[in-house]
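Participant: Generate a structure from the sequence data that follows.
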Amino acid sequence: MTPGSRNLITDVPGLLVGNARDDTLKSGVTVLTATSRFVASVHVMGGAPGTKETDLLAPDKSVAAVDALVLSGGSAYGLDACSGVMDGLRSQGRGFQALSAVIPIVPGAIIFDLLNGGQKDWSENPYRRLGRAAFDAAGAGFAIGSEGAGTGALTAMLKGGLGSASLVMPDGVTVGALVAANPMGSVTTPGDRHFWAAPYEIDGEFGGVGPDPATGLGRTLDSRKARAMQAPPEGTNTTIAIVATDAALTKAQCQRVATAAHDGIARACVPAHSPMDGDLVFAVSHGERELSSERELALICHASAVCLSRAIARAAYEARPEPGDVLPCWCSSNT
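Facilitator: The predicted model follows:
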């Protein structure tokens, strides 16, 4: 398996991603949409998720397809970004048709980034505006790092960010991942040079420094000096992600892919899936490649987890320093 031409989730044909950020706010929104409606499901493993419309994505619910997915900063305020995306879709006449009514279906999830040094004293919720701006910016190419929903993301020791990665499987099926990485845990081993996800790196995509030569369980539990030791309030950390493929999957199969993709979070963030995280993965099918066997579905599950691990590391690797940051960037600590 090799990365697609962009090494982004938009290597899955027809998918589009848009970002919007507010540098004063230190927050932003990322939207995934497509050239046509798409099948999606979700699996939540964190103890403190913040979501909108995710119940619709269960296999037994009647909604067959959605129009966009939203990843946003802003904690609960950020859920209003979905309304801005709905505005954009409605202006294009896109959505679920109910007789003469058009209803865009836009599930979303949020990270907590309210304590990252940005100015949060707004008088009017800014996330509806950011959601619309991200939707309007959607295209096949987009920036990662301190962009979109990853603008103000933090990890235990370093800035987090927005990450993406892709793989093309031997049979031609494409898989990709998109993530806003804001975990309670660390994305790097002690010393903050080597990424936990290093065994899955391809072509030096997050620095090429390789796995940490020092090993041992004790190192994963040793004392950390930044947020991990400050006992942050419950619900203030989250890794939210989307994995996607051009294989034609049912909602139930998408849910299985979303479940398996959580392995990618656990391999790249230590610890993961805690009571204080809202860790969540959406899975998307946008394509007509029929599965040849259940084994092929298993390989898509595996590829999704690998892409997600790589995307998380890329998010932190590509983060850049900004005035008022409360944590350093990987690039600042390793140059």
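
Participant: where does Asp263 land in three-state SS?
Facilitator: Under DSSP: H, G, I helix; E, B strand; the rest coil, the three-state class of Asp263 is helix.

Participant: Relative to Gln253, how far out is it?
Facilitator: 17 Å (Cβ to Cβ, to the nearest Å). For the C-beta atoms, the positions are set from N, CA and C on the backbone; glycine is no exception.

Participant: How about Gly210?
Facilitator: Distance, Gly210 to Gln253, using Cβ to Cβ: 35 Å.

Participant: Give me the more crowded residue out of those two.
Facilitator: Set Gly210 next to Gln253 and count neighbours by other Cβ atoms under 10 Å: Gln253 wins out with 22 against 13.

Participant: Leaving out chain neighbours, which residue sits closest to that one?
Facilitator: Leu297 (6.0 Å; Cβ to Cβ, 6 or more residues apart in numbering).

Participant: Could you do Pro275 as well?
Facilitator: Gly47 (3.7 Å).

Participant: now Ala305: how far from Ile312?
Facilitator: As defined by Cβ to Cβ, Ala305 lies at a distance of 11 Å from Ile312.

Participant: Repeat that for Ala48.
Facilitator: Here Ala48 is placed at a distance of 19 Å from Ile312 (Cβ to Cβ).

Participant: more neighbours, the two?
Facilitator: Ile312 (34 against 19).

Participant: Check what pLDDT the residue nearest to Gln253 gets.
Facilitator: Note on Leu297: pLDDT of 95.

Participant: Report the next helix or strand after the helix or strand encompassing it in sequence order.
Facilitator: Secondary structure assignment for Leu297, by DSSP states H and E: helix 294-318. Per DSSP H and E, the first helix or strand lying C-terminal to helix 294-318 is helix 330-333.

Participant: list the helices and strands that next one packs on?
Facilitator: On a contact count with 3 or more Cβ pairs under 8 Å, 6 or more residues apart in numbering; DSSP states H and E, helix 330-333 meets helix 294-318.

Participant: got the residue ranges for the strands in the chain?
Facilitator: 15-22, 27-44, 51-52, 66-72, 96-98, 101-103, 108-110, 161-168, 174-182, 238-247, 280-289 (DSSP state E).

Participant: got the buried residues for the last one?
Facilitator: Applying a neighbour-count criterion of 16 or more other Cβ atoms under 10 Å, the buried positions in strand 280-289 are Leu280, Val281, Phe282, Ala283, Val284, Ser285, His286, Gly287, Arg289.

Participant: can you list those in TSV and add distance to Val243 and pLDDT?
Facilitator: Below are the buried residues of strand 280-289 laid out as TSV (distance: Cβ to Cβ, whole Å; pLDDT from 0 to 100):
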residue	distance to Val243	pLDDT
Leu280	11	96
Val281	6	98
Phe282	7	98
Ala283	5	98
Val284	7	98
Ser285	10	97
His286	12	97
Gly287	13	90
Arg289	16	88
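
Participant: now the closest residue in space to Thr238 that isn't next to it in sequence: how far from Ala319?
Facilitator: Nearest non-adjacent residue to Thr238, counting by Cβ to Cβ, 6+ apart: Gly278, 3.7 Å away. Gly278 sits at a distance of 20 Å from Ala319 (criterion: Cβ to Cβ).

Participant: Of those two, give the one with the bigger neighbour count.
Facilitator: Ala319 (31 against 26).

Participant: residues contacting that one?
Facilitator: Each residue near Ala319 by Cβ atoms under 8 Å, 6 or more residues apart in numbering is listed here: Gly145, Ser146, Gly150, Ala153, Leu158, Lys159, Gly160, Gly161, Cys329, Trp330, Cys331.

Participant: Try it again at 7 Å.
Facilitator: Gly145, Ser146, Lys159, Gly160, Gly161, Cys329, Trp330 (Cβ atoms under 7 Å, 6 or more residues apart in numbering).

Participant: quick one, what contacts the second one?
Facilitator: Looking back up the chat, that one is Ser146. Counting by Cβ under 7 Å, 6+ apart, Ser146 has contacts Gly161, Ala319, Arg320, Glu322.

Participant: Of those residues, which count as buried by neighbour count?
Facilitator: By 16+ other Cβ under 10 Å, the contacts of Ser146 give Gly161, Ala319, Glu322 as buried.

Participant: Now for the nearest residue to Pro328 once chain neighbours are set aside: which residues touch it?
Facilitator: Spatial nearest neighbour of Pro328, excluding adjacent residues (Cβ to Cβ, 6+ apart): Leu158 at 6.1 Å. The neighbours of Leu158, taking Cβ under 7 Å, 6+ apart as the test, are Val187, Thr188, Asp192, Ala316, Leu327, Pro328, Cys329, Trp330, Ser333.

Participant: Measure how buried the last one is and give me the count.
Facilitator: It refers to Ser333. 15.
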